[in-house]
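Asks: Any chance you can model this:
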Amino acid sequence: MTGTPGDAPGRMSAPTAAGRPDTRLVVIRGNSASGKSSVAQGLRDHHGRGIAIVSQDVIRRNVLREHDTARGANIALLGRIARDALNAGFHVVLEGIMYADRYGHMITSLVRGHRGVSSCYYLNVPLETTLIRHVSKADAAYLEQVTGTHLASWYRELDLLPGGLETVVQADSTLQDTIARIVRETDLTPAAPVPPPQCRPSHGAPTPPLVLMSDPRVAAIPVRECGEPLVDVRDHDFRVDPRKQDPAGAFAHVREGVLARLHHARSLLPAGIDLLFIEGYRPPSLQRRHFTEYRDELAAAQPGWTAERLHEAASRYVSPPEIAPHSAGAAVDVTLVDQDGSELDLGTRVNASPEESGGACFTYAPDLGDEARHHRALLLNAMESAGFTNYGTEFWHFSAADRYDALMRREPHASYGPIELA
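Replies: Numbering: from 1, shown residues only. Next up is the predicted model:
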């Protein structure tokens with residue numbers, strides 16, 4: 001069993017790293033009828049939603065319908081499913097016979113690549129007890145298909161993984177005792193209820209000063225273009241919403257450094273909650289069109305406003321083209337989803353204008369419900385801790401290393417300027 005995320009056997013910095021510091025990986029192995037699936041289900045019943053059970057039998061027999069061989073396709077597929085579930089913020093219980101000589105490399109690679117706590121258990125049940133448990137099963141069709149002779153031929157005595165990776169659980173441990181032990185040793189506690197809202201600033205505290213994109217100080221920040229390329233987040237296992245999709249797929253691109261910050265922000269979210277990526281890069285021509293269209297809408301609604309006032313008002317919602325973070329590949333529009341991919345309540349829809357939302361789109365809008373305020377706090381804290389700066393008129397908009405971010409951080413220059421998608 002590996003210990004904390006900092007223990008060398010449980011972590012690696014290789015590209016195959018998976019999960020978050022707060023995700024849990026539990027591997028349960030043992031002979032047939034040793035109780036593996038019952039323990040896995042018991043862990044889910046204890047914890048609640050947020051646990052992915054990855055079963056060897058389901059993948060090998062039901063999905064692929066293949067024999068268990070050293071080159072079975074199910075081996076790599078089990079590892080891939082477990083990694084993807086960990087990356088999505090799920091705790092994972094990987095269970096099956098998974099003979100050590102066939103599945104050992106996949107399991108050890110998964111454990112060592114997991115950023116969180118990984119624990120492996122071997123349910124050691126003698127063959128005699130195995131046969132007794134088998135005949136007590138209620139599934140008559142299964143009993144007819146799988147006989148005691150089969151179980152005896154499949155049985156391997158204490159088939160442990162190399163390196164002392166596993167904790168052996170003896171047959172005299174009851175189901176409830178085994179579940180309780182794993183919960184205790186992995187800190188796989190039930191999902192906590194939503195705590196009181198912590199969205200900064202608290203009620204009564206002053207809101208941060210709002211600096212608009214149209215502020216001359218933003219345009220005054222010089223750009224020292226670092227030359228980082230645009231990369232596609234769809235190639236890096238992010239949840240990507242198609243609402244802003246364009247034929248060239250530009251919307252899903254960001255600078256390399258922005259992608260790294262997104263990975264970091266995602267790792268800071270609680271298990272069961274994930275980022276939903278909505279839009280990143282926006283070509284300068286498209287940015288100009290968005291800004292002009294919104295400014296014209298305001299002009300039609302407010303015919304008495306001056307050109308200067310229209311420009312400033314439009315910049316609350318759409319960045320002026322000359323300094324737009326999206327056109328530099330430096331900005332992302334993101335929100336939060338649950339483990340099923342359903343968007344969480346953050347007070348108003350993403351991309352709602354101040355007019356449509358009655359001001360609820362502002363990050364520190366008053367009169368939000370407790371749930372929306374809490375979810376905004378989760379998003380804001382994760383993104384800011386990963387090095388992003390929020391634009392205060394849009395709770396979903398964050399940028400890094402562009403002119404706006406440089407001004408807010410009092411940096412002498414920005415690293416990202418307008419760029420064209422190659």
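Asks: show me where pLDDT drops low in the stretch 101-250 of the chain?
Replies: The stretch 101-250 of the chain contains residues with pLDDT under 70 at 131, 133-146, 148, 190-208.
Asks: so where do the helices sit in it?
Replies: Counting by DSSP state H, counting those that start in this stretch, the stretch 101-250 of the chain has helices at residues 127-135, 140-145, 148-154, 175-186, 216-219.
Asks: Can I get those helices in TSV including mean neighbour count and distance to Arg29?
Replies: For every residue, glycine as well, the C-beta is placed using N, CA and C. Shown next, in TSV, are the helices of the stretch 101-250 of the chain (neighbours: other Cβ atoms under 10 Å; distance: least, Cβ to Cβ, whole Å):
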stretch	mean neighbour count	distance to Arg29
helix 127-135	15	14
helix 140-145	9	20
helix 148-154	13	13
helix 175-186	16	13
helix 216-219	14	57
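Asks: Please convert these to TSV, extending it with distance to Ala17.
Replies: Converted to TSV, those look like this (distance: least, Cβ to Cβ, whole Å):
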stretch	distance to Ala17
helix 127-135	37
helix 140-145	38
helix 148-154	34
helix 175-186	19
helix 216-219	36
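Asks: out of the ones you listed, which comes closest to Val117?
Replies: Nearest of the helices of the stretch 101-250 of the chain to Val117, taken as Cβ to Cβ: helix 175-186 at 5.9 Å.
Asks: What lies in contact with the closest one?
Replies: If you take Cβ atoms under 8 Å, 6 or more residues apart in numbering as the criterion, helix 175-186 is touched by 1, 24, 26, 35, 38-39, 42-43, 46-47, 117, 119, 121, 123, 167, 169, 173, 188-189.
Asks: just the buried members of those residues?
Replies: Taking 16 or more other Cβ atoms under 10 Å as the criterion, what is buried in these is 1, 24, 26, 35, 38-39, 42-43, 46-47, 117, 119, 121, 123, 169, 173, 188.
Asks: Would you mark the buried spots in stretch 43-57?
Replies: Quick answer for stretch 43-57 (16+ other Cβ under 10 Å): 43-44, 46-47, 50-57.
Asks: In PDB, could you pull the C-alpha coordinates for that stretch?
Replies: What follows is stretch 43-57, C-alpha atoms only, in PDB (Å, rounded to 0.1, in the frame of the first residue of the first chain):
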ATOM      1  CA  LEU A  43     -17.000   1.300  -0.700                       C
ATOM      2  CA  ARG A  44     -19.300   3.100  -3.100                       C
ATOM      3  CA  ASP A  45     -22.300   2.600  -0.800                       C
ATOM      4  CA  HIS A  46     -20.200   4.100   2.000                       C
ATOM      5  CA  HIS A  47     -18.900   7.100   0.100                       C
ATOM      6  CA  GLY A  48     -21.800   7.900  -2.200                       C
ATOM      7  CA  ARG A  49     -21.500   9.300  -5.700                       C
ATOM      8  CA  GLY A  50     -18.000  10.100  -6.900                       C
ATOM      9  CA  ILE A  51     -16.500   6.600  -7.000                       C
ATOM     10  CA  ALA A  52     -15.900   4.800 -10.300                       C
ATOM     11  CA  ILE A  53     -15.800   1.000 -10.100                       C
ATOM     12  CA  VAL A  54     -13.600  -0.400 -12.900                       C
ATOM     13  CA  SER A  55     -14.200  -4.100 -13.000                       C
ATOM     14  CA  GLN A  56     -12.000  -6.600 -14.900                       C
ATOM     15  CA  ASP A  57     -15.000  -8.900 -15.500                       C
END
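Asks: For it, what is the distance to the chain centroid?
Replies: Its chain's C-alpha centre and that of stretch 43-57 lie 17 Å apart, by Cα atoms, centre = their mean, to the nearest Å.
Asks: Next: stretch 383-392.
Replies: Relative to its chain's centre, stretch 383-392 lies at 17 Å (Cα atoms, centre = their mean).
Asks: what ranges do the strands span in the stretch 301-422 of the chain?
Replies: In the stretch 301-422 of the chain, the segments counted as strands under DSSP state E, counting those that start in this stretch are 331-338, 389-390, 397-399.
Asks: strand partners of the last one, parallel vs antiparallel please.
Replies: Within its sheet, strand 397-399 is paired with strand 331-338 (antiparallel), strand 389-390 (antiparallel), according to DSSP bridges.
Asks: Mind putting those into CSV with mean neighbour count, mean pLDDT and distance to Asn87?
Replies: Formatted as CSV, the strands paired with strand 397-399 follow (neighbours: other Cβ atoms under 10 Å; pLDDT from 0 to 100; distance: least, Cβ to Cβ, whole Å):
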stretch, mean neighbour count, mean pLDDT, distance to Asn87
strand 331-338, 22, 96, 14
strand 389-390, 22, 95, 24
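Asks: Could you export these as CSV, including distance to Gly227?
Replies: Below are the strands paired with strand 397-399 laid out as CSV (distance: least, Cβ to Cβ, whole Å):
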stretch, distance to Gly227
strand 331-338, 18
strand 389-390, 22
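Asks: how about the ones you listed, which one is nearest Met408?
Replies: strand 389-390 (4.9 Å).
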